[in-house]
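Engineer: output the structure for:
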Amino acid sequence: MCGAVIGSMSQPIALVAGLPIGGRLRIVGRSSVLSAATGRELARYLRPPAGVHPWPAVISQGTLDRFSKERGPIALTLVEPVVVEVSADVAWSGHSFRHSLRLLRVRSELNPWTVQVPGQVGN
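Structural biologist: This next block holds a predicted model:
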């Protein structure tokens with residue numbers, strides 16, 4: 001699910017994905033840079049968080065990319081979680097995706113809190 005974006009809610013540059021792991025919404029990856037059209041489509045579904053958001057507004061580069069040499073801060077625009085369908089490779093560490101995700105579409109008809117962690121589907 002999308003729990004934050006990089007950029008503004010009206011012009012997101014990338015989405016920050018989260019999954020419920022251990023009873024908490026945890027950051028598990030980010031998308032590649034969104035095209036202008038994809039960003040506009042995602043923006044239609046983004047809303048400010050309804051309550052206290054579980055993520056900080058600023059994170060380290062290492063939170064999104066363990067292999068990056070950059071360690072500077074990244075500002076997040078926190079949003080009310082919305083389910084998104086993404087394309088990801090099989091590099092799942094058990095807690096995060098190793099590579100960038102590609103946003104396919106928003107699945108606003110789905111409840112964010114019913115999303116399952118990869119490898120736990122059907123458990």
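Engineer: which residues does the residue nearest to Pro56 when sequence neighbours are not counted contact?
Structural biologist: In this structure, Pro56 finds its nearest non-sequential neighbour in Leu76, 7.5 Å apart by C-beta to C-beta, 6 or more residues apart in numbering. C-beta here means a position set from N, CA and C on the backbone, and glycine is covered the same way. If a contact means C-beta atoms under 8 Å, 6 or more residues apart in numbering, then Leu76 has Ala4, Val5, Ile6, Val16, Trp55, Pro56, Ala57, Val58, Ile59 as its contacts.
Engineer: pull out the buried members of the residues you listed.
Structural biologist: Neighbour-count burial (16 or more other C-beta atoms under 10 Å) is assigned, among those, to Ala4, Val5, Ile6, Val16, Trp55, Ile59.
Engineer: please enumerate the helices of this protein.
Structural biologist: Counting by DSSP state H, the chain has helices at residues 36-43, 61-64.
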